[in-house]
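Undergrad: no sequence for this one, just the structure:
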């Protein structure tokens, strides 16, 4: 790791300020909520561009929590810098998702085994084919075991990492036909950056709205009440 590259243009922390395991949320206020309610002795280590980050301990183990913003361009920058400049080994994304499945209801968890995408992010790697972004299996298995112990409703499978929140031509039924469970906006890039840097990643999602039924939650509910995915992520430290 080139410690001379820290702080980075997007992260104000010095090398050593960030734990080897980072839990990331799209909303920096969710990261703040998690630090204040779960971590022991959390210390603010980043507030560049309002992307709050904290380092503390959980049951004596070091962990950092930090926002990553919305969409593949945003998470790709933060996860790249964490993996490549701060010697982070593991990133878990905890986020919200829209359900594509009748078997998933509001509040259920999705463990993203793989992430389809309409993004062109993989083009930079100049691969002679299509790359399939996947989670670390050990983390995935441990997360499923944690869900079972907690008794949380969950499913494991493919998600869709979309570049578009407002699409002029939405076609969710095509992804549904392929068994994709839910739509979100970041997992594919996180998994690609983890693969390229030789590190580990997992995305744990809470169903916040339902594409099929029109059910939805408020921004405050997403910030403060989606705690089951936090419980599961912290079990993996």
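TA: That came through, no problem. Remember, predicted model here, so these are calculated numbers, not experimental data.
Undergrad: doesn't residue 75 fall inside a helix?
TA: Yes: under the criterion used here (DSSP: H, G, I helix; E, B strand; the rest coil), residue 75 sits inside a helix.
Undergrad: can you name the residues that contact it?
TA: Residue 75 sits next to 24, 26, 68, 69, 93, 186, 189, 190 when contact means CB atoms under 8 Å, 6 or more residues apart in numbering. Where C-beta positions appear, they are placed from N, C-alpha and C, glycine not excepted.
Undergrad: sec struct for the fourth one, please.
TA: Under the three-state scheme (three-state DSSP), residue 69 adopts coil.
Undergrad: in the protein, which spans are helices?
TA: Secondary structure of the chain (DSSP state H): helices located at 28-38, 72-85, 137-150, 172-177, 187-197, 219-224, 228-235.
Undergrad: nearest to residue 205, of the contacts of residue 75?
TA: Of all the contacts of residue 75, residue 93 has the smallest distance to residue 205: 8.2 Å, by CB to CB.
Undergrad: for the helices of the chain, which one sits closest to residue 107?
TA: For residue 107, the closest of the helices of the chain is helix 228-235, at 7.4 Å, according to CB to CB.
Undergrad: related to what we said a few turns ago, pick the most deeply packed of the helices of the chain.
TA: Of all the helices of the chain, helix 187-197 has the most neighbours on average by mean count of other CB atoms under 10 Å, namely a mean of 24.
Undergrad: pull up the gap between the residue nearest to the spatial centre of the chain and residue 115, please.
TA: Central residue of the chain (CA atoms, centre = their mean): residue 93, 1.8 Å from the mean position. Residue 93 sits 10 Å away from residue 115, going by CB to CB, to the nearest Å.
Undergrad: ok so, going back, quick check: the residue nearest to the centre of the chain touching residue 185?
TA: No: assessed by CB atoms under 8 Å, residue 93 is found out of contact with residue 185, at 10.4 Å.
Undergrad: need the overlap of contacts for those two.
TA: With CB under 8 Å, 6+ apart as the test, residue 93 and residue 185 both reach residue 26.
Undergrad: residue 156 pairs with what?
TA: residue 111 (DSSP bridges).
Undergrad: now swap in residue 210 and tell me
TA: Beta bridges link residue 210 to residue 99, judged by DSSP bridges.
Undergrad: residues contacting it?
TA: Applying CB under 8 Å, 6+ apart, the residues near residue 210 are 98, 99, 104, 105, 106, 216.
Undergrad: closest to residue 37 among the residues you listed?
TA: Residue 37 has its nearest neighbour among those in residue 106, at 21.5 Å by CB to CB.
Undergrad: hmm, that closest one is touching residue 214, no?
TA: No: if you go by CB under 8 Å, residue 106 and residue 214 don't touch, sitting 11.1 Å apart.
Undergrad: those two - which one has more neighbours?
TA: residue 106 (15 against 7; other CB atoms under 10 Å).
Undergrad: could you check how far that one is from residue 228?
TA: 12 Å.
Undergrad: where does this protein dip in pLDDT?
TA: Within the chain, the stretches with pLDDT under 70 are 1-4, 223-225.
Undergrad: quick one: closest of the helices of the chain to residue 205.
TA: Of the helices of the chain, nearest to residue 205 by CB to CB is helix 228-235, at 6.9 Å.
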